[in-house]
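>>> structure for the following, please:
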Amino acid sequence: MTPEASTLYQEACTLEYQHEYSQAVAKVLEAIKLSPDDAMLYTKLAGLYTDMDDYDKAIEAYTKVIELRPNDAFVYISLGSIYETRGKYTEALGAYENALKIFPEYKYNYLNIANVQYQMKEYKSAIENYNLFLNTYSQHWEARKSLAQAYLADNNPEKAAEEYENLFVNNNNHFDDYSNYGIALFEINNYEKAVEFLEKAVEKDSANLTAKVCLALAYQNLDKNDLALAQFNDIFKQNPNLHSLRFDYGNLLADMGNNLQAVSEYQKYSQFFPKDSRVYKNLGLVYQRQKDYKNAILNYEKAITLNANDVNTKKELAACYHIEKDYVNALKYYDEVLAAEPDNTDIKVNKAIVLHALERYEEAIALYNSILEVKDSEIVQHNLTDAIIAQGKVDLQKQNYSNATDMFIKAISRGTSDSSAYFGLAQAYRACKINDKASEYYQKAISMSPDNTTYSEEFADFIAEINSNDNLEDNISSNGEIQTVVLTDEPAATVNNADNPKIEQNKDLIAEGDENYKKKSYDEAIAKYKEALAINPSDEVTLLKIGNVYKLKNDEANAIEFYKKAIFVKPEYADGWFNLGLVYANQKNVAQSKECFQKAIGINSEYAYAYYALGFAYESEKNKEEAIKNYELFLKYNKDQSAVSAVEDRIKSLKK
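This next block holds a predicted model:
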């Protein structure tokens, strides 16, 4: 710099001190004419332009300085500061980064870079550079405050709360960021402490809507509903268009029991946010609470269309359909819930109840049983028994007497007090011509429900029938031989021809076979029974009837074949085993006959005539002790008084 230029430079500095910036600029420009390559003169000129807020000329001057002195980090920092002031953050960041390359030891530059990155919303980079700066200047509270704000902006409220806590504890006298600290605490669900700072923020600035909203929600989460309500009301007075908050406001009103107001707020919210499934779910909950299940269902369905994976909404929807007795839709949603939660026992119970209501008894029974394998429940036990009885009644109507018998026996073994199970079992035994059992269970049903005239009337009809039936033979003949269990005159079940033509045809064929049997037209009877079997080949009763006819025709081979078919179809068919044993006994095959009679007793421990047959077999083997034992068991279980004297005589004879 020439002496003349130096003099002008000093004069410019004096004028700058006196805030005579225009005159100072003129002096510097004169000096530059004398020393055009002096970087100091351009640096001073840039500084003066900056003080005058003439940033374009300042930038031009600093650019010249960089040409003359390219390794001056502080020129870049000054240039970056001007860009930052003007909001040109990209250019500012470039200038600061150039300074960092030239002079990395200057740690303050990390703060400059971080501030610009924060403005550019590059929060992660800003956080990194704030921390680099604070590693050296840990007590720089403004930088720490900026770091806390960056954490909050970067959705890291935990770290933000830590930094605000540090600021509050160590710089309490200067701490004033109650709003952001409260928001950070709210975001980490520390509602009690959040309220403390948010209240201070609102007190300090009553127009701070963000703080007010967080304060209202914090009160709500702490169940301080009255305080929350007051805050919400104040917020909406201040800004009635804050529609995004109406969902939470509706939740508060619903929790406070203000259902009508809650519905109103939810509906306002849904006008602006129609794709938010939560609002329809919560509307459904409010309507459900009011027992308005139709509106609850409408809203739950809407919620599901928007969020098909919301299992909890499906649970509520299924419950509403269930209450409305729309069992088909209830079942649909119970199944969808179980697809997501296969071990949910409560939902399984509800599904079983729905299957029960839909008269899908076998499925209900299976599900009740699977539930009881995991958890015992008095309600499920009761429902299971009811379903078993209901299935027995269905089987009885369909003339599936073996299954009906099994169902009623199961229900009775479970200790049911429902007299209809005993009545149904009596009807099944009557249909199978097991008259002693039918009589026993008719009487039990009547004793349980003495006022039920249906039971007593049907029992009277049954007694009249068996007393007038010429085809019923004594089971023990005059010479002591045991007669076959005869199953004729089987009462027809009520069948709807339009709905069950095959069943009706089967019934008619059996009835024709029974008539031929009465007339002793055995071949015609067999033909009709076999036609009936073509429709229902697993009918053990009809198989037994065919065996009986062959036995009467002395065709023991065919009799054995059909008795075996009967017990193959139903292994627990006591009458089938009994009649098969009689054929073996007639063939003098005592061992096999005994085995069959023991099978019958194993199935029905009170089968009187099986004990008699066993006694007869043992007597033929001259095993008096076993013969007497079985004859006495016959007397114990026998219901036919006409046979008593004959058996007592046999016992007396054996004891001589």
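
>>> surely Glu359 is in contact with Gln391?
No - applying C-beta atoms under 8 Å, one finds Glu359 not in contact with Gln391, separated by 9.2 Å. For every residue, glycine as well, the C-beta is placed using N, CA and C.

>>> higher neighbour count, these two?
Per other C-beta atoms under 10 Å, whichever of Glu359 and Gln391 has more neighbours is Gln391, with 23 against 12.

>>> what sits closest to the more buried one if chain neighbours are left out?
Tyr361 (3.9 Å; C-beta to C-beta, 6 or more residues apart in numbering).

>>> Ala559 reaches Val583, doesn't it?
Yes - with contacts counted by C-beta under 8 Å, Ala559 reaches Val583, the gap being 5.3 Å.

>>> shared neighbours of these two, anything?
Residues touching both Ala559 and Val583 by C-beta atoms under 8 Å, 6 or more residues apart in numbering: Lys551.

>>> please identify which of the two sits among more neighbours.
The residue with more neighbours, out of Ala559 and Val583, is Ala559; 24 against 21, by other C-beta under 10 Å.

>>> figure out the helix or strand that the more buried one lives in.
Element membership for Ala559, per DSSP states H and E: helix 556-569.

>>> pull out the buried residues from that helix.
For helix 556-569, the neighbour count (16 or more other C-beta atoms under 10 Å) marks 559-560, 562-563, 565-567, 569 as buried.

>>> ok, now stretch 344-353?
344, 347-353.

>>> closest to Ala160 out of these?
Of all those, Ala160 sits closest to Asn344, with 39.6 Å by C-beta to C-beta.

>>> quick one: contacts for that closest one?
Applying C-beta under 8 Å, 6+ apart, the residues near Asn344 are 337-338.

>>> three-state assignment of Asn155?
coil (DSSP: H, G, I helix; E, B strand; the rest coil).

>>> please name the nearest non-neighbouring residue to Lys528.
Per C-beta to C-beta, 6+ apart, closest to Lys528 is Gly513, 3.6 Å.

>>> my guess is that neighbour contacts Tyr522, does it?
No - checked against C-beta under 8 Å, the pair Gly513 and Tyr522 is beyond contact range at 10.0 Å.

>>> more neighbours: which of the two?
Shown here are Gly513 and Tyr522; by other C-beta under 10 Å, Gly513 has more neighbours (26 against 16).

>>> for Tyr429, see how far away that one is.
20 Å (C-beta to C-beta, to the nearest Å).

>>> Asp346 now?
39 Å.

>>> what's the burial count for the residue nearest to Gln391?
When neighbours are counted by other C-beta under 10 Å, Tyr361 registers 21.

>>> who are the contact partners of it?
Taking C-beta under 8 Å, 6+ apart as the criterion, Tyr361 is in contact with 355, 387-388, 390-391, 394.

>>> again, only using 7 Å
387, 390-391, 394 (C-beta atoms under 7 Å, 6 or more residues apart in numbering).

>>> just the buried subset of the residues you listed, written out for PyMOL, thanks.
Buried residues within the contacts of Tyr361, by 16+ other C-beta under 10 Å, are selected in PyMOL with:
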select buried, resi 387+390+391
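
>>> export the contacts of Tyr361 to JSON lines and tack on distance to Tyr422?
Output for the contacts of Tyr361, formatted as JSON lines (distance: C-beta to C-beta, whole Å):
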{"residue": "Ala387", "distance to Tyr422": "17"}
{"residue": "Ala390", "distance to Tyr422": "15"}
{"residue": "Gln391", "distance to Tyr422": "16"}
{"residue": "Val394", "distance to Tyr422": "17"}
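
>>> out of the contacts of Tyr361, what pair is the most spread apart?
Maximum distance among these (C-beta to C-beta): 10.5 Å, for Ala387 and Val394.

>>> buried set for the one helix or strand Ile59 maps to?
According to DSSP H and E, Ile59 maps onto helix 55-68. For helix 55-68, the neighbour count (16+ other C-beta under 10 Å) marks 55, 58-59, 61-62, 64-66, 68 as buried.

>>> how about stretch 452-460?
455, 458-459.

>>> and stretch 3-17, by the same measure?
Buried residues in stretch 3-17 (16+ other C-beta under 10 Å): 5-6, 8-9, 11-12, 15-16.

>>> need the contact partners of it.
1, 23-24, 27-28, 30-31, 34-35, 38, 41, 44, 48.

>>> can we see that at 8 Å?
Looking at what lies outside stretch 3-17 - C-beta under 8 Å, 6+ apart - the contacts are 1, 21, 23-25, 27-28, 30-32, 34-35, 38, 40-41, 44, 47-48, 51.

>>> now stretch 279-298
247, 250-251, 254, 259, 262-263, 266-267, 269-270, 273, 299-300, 302-303, 306, 310, 312-313, 316-317, 319-321, 323-324.

>>> which of the residues you listed fall within helices?
Among those, the members found in helices (DSSP state H) are 247, 250-251, 254, 259, 262-263, 266-267, 269-270, 299-300, 302-303, 306, 312-313, 316-317, 319-321, 323.

>>> please pick the buried ones from those.
By 16+ other C-beta under 10 Å, those give 247, 250-251, 254, 259, 262-263, 266, 269-270, 299-300, 302-303, 306, 313, 316-317, 319-321 as buried.
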